[in-house]
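*Asks:* only geometry, no sequence info:
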């Protein structure tokens, strides 16, 4: 069919002959009917055959043009259907990504709530540690006071023992006092042992609590850092995919409209 368009003819084409070929839409020049003579009948028959050949040529050109236009329309309709299907697929993908984004947002909210709860637990743990540290400090103060009292009692007892060493047999009251002092002196080692044991126990508990506090703090910091990075990466990824899909949908709509305009022009 392309050979019927002048812009696609070769340079050697006889343009004078081409110009003589009538267009399919041009009116046919009717051959005048000659008189009813043998020669005129032959001329009329030859003219009718030429006219019929011209009509057949025009019909062939028209049919080929119609076939070409029909194939173009079918191709455009096929492309339009593909673009429509692709647009539907992209819209489905957009909805799926939107649901995933909403799910991630809900998970983020849930994790944030858990993180808040864990932070509250950590605050309670810090309060317990501070309370225990205060108890240890108070115990140290009490122990220091008790040790000073013990030293004072020891010094006092030693002085009394020295003073009453030579008077025990002479003074019954001194014997009673001496007995009391001995009982107190016997209790001093037990007191010291109790204070030492209490100090060790409190020191051990403080060390364990500090260690647990450091481990818990490090654990929560790691969780927060990992989640923040994961949440930011996922949000960027989904937002990028959503923007890309929206651009593709807009492009498909534009292509579809352009295709429909072409079909209407055809």
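*Replies:* Good, I have the coordinates. Everything numeric here is computed off the predicted structure, so don't read it as measured data.
*Asks:* what's the offset of the strand or helix carrying residue 215 from the middle of its chain?
*Replies:* Counting by DSSP states H and E, the element that carries residue 215 is helix 172-265. Centre-to-centre, helix 172-265 and its host chain are 24 Å apart (Cα atoms, centre = their mean, to the nearest Å).
*Asks:* pull the number of nearby residues for residue 202.
*Replies:* Residues near residue 202, counting by other Cβ atoms under 10 Å, number 19. Yep, even glycine has a C-beta here, placed from its N, CA and C like the rest.
*Asks:* looking at it, it is touching residue 138, isn't it?
*Replies:* No. Assessed by Cβ atoms under 8 Å, residue 202 is found out of contact with residue 138, at 9.9 Å.
*Asks:* residues near residue 252, how many?
*Replies:* When neighbours are counted by other Cβ under 10 Å, residue 252 registers 20.
*Asks:* hmm, residue 90 and it touching each other?
*Replies:* Yes. Applying Cβ under 8 Å, one finds residue 252 in contact with residue 90, separated by 6.9 Å.
*Asks:* quick one: the residue nearest the centre of the chain from residue 224, how far?
*Replies:* In the chain, the centroid-proximal residue (Cα atoms, centre = their mean) is residue 234; its distance is 1.8 Å. Applying Cβ to Cβ, to the nearest Å, the value for residue 234 to residue 224 is 16 Å.
*Asks:* same deal with residue 252?
*Replies:* Distance, residue 252 to residue 224, using Cβ to Cβ: 42 Å.
*Asks:* swap in residue 155?
*Replies:* Separation of residue 155 from residue 224 (Cβ to Cβ): 58 Å.
*Asks:* ok, these two, which is more surrounded?
*Replies:* Neighbour count, other Cβ under 10 Å: between residue 155 and residue 224, residue 224 has more, with 14 against 10.
*Asks:* contacting residues for the closest residue to the more buried one other than its chain neighbours?
*Replies:* Leaving aside its chain neighbours, residue 224 sits nearest to residue 115 (6.7 Å; criterion: Cβ to Cβ, 6 or more residues apart in numbering). Listed by Cβ atoms under 8 Å, 6 or more residues apart in numbering, the contact set of residue 115 reads 220, 223, 224, 227.
*Asks:* report the rounded mean pLDDT for the strand or helix carrying residue 66.
*Replies:* In the assignment (DSSP H and E), residue 66 maps to helix 38-164. With pLDDT averaged residue by residue, helix 38-164 scores 81.
*Asks:* now that helix, how far from the chain's geometric center?
*Replies:* 3 Å.
*Asks:* between helix 172-265 and that helix, find me the angle.
*Replies:* Per axes from the mean of the first three to the mean of the last three Cα atoms, to 10 degrees, the angle that helix 38-164 makes with helix 172-265 is 170 degrees.
*Asks:* for residue 94, which residues are in contact?
*Replies:* Neighbour list for residue 94: 242, 245, 246, 249 [criterion: Cβ under 8 Å, 6+ apart].
*Asks:* and the first one, how many neighbours?
*Replies:* So the one you mean is residue 242. With other Cβ under 10 Å as criterion, residue 242 counts 15.
*Asks:* for the second one, same thing?
*Replies:* Residues within reach of residue 245, counting by other Cβ under 10 Å, total 18.
*Asks:* excluding its backbone neighbours, what's nearest it?
*Replies:* Nearest non-adjacent residue to residue 245, counting by Cβ to Cβ, 6+ apart: residue 94, 4.6 Å away.
*Asks:* so for residue 203, what's the nearest residue that isn't a sequence neighbour?
*Replies:* Closest to residue 203 by Cβ to Cβ, 6+ apart is residue 136, at 7.4 Å.
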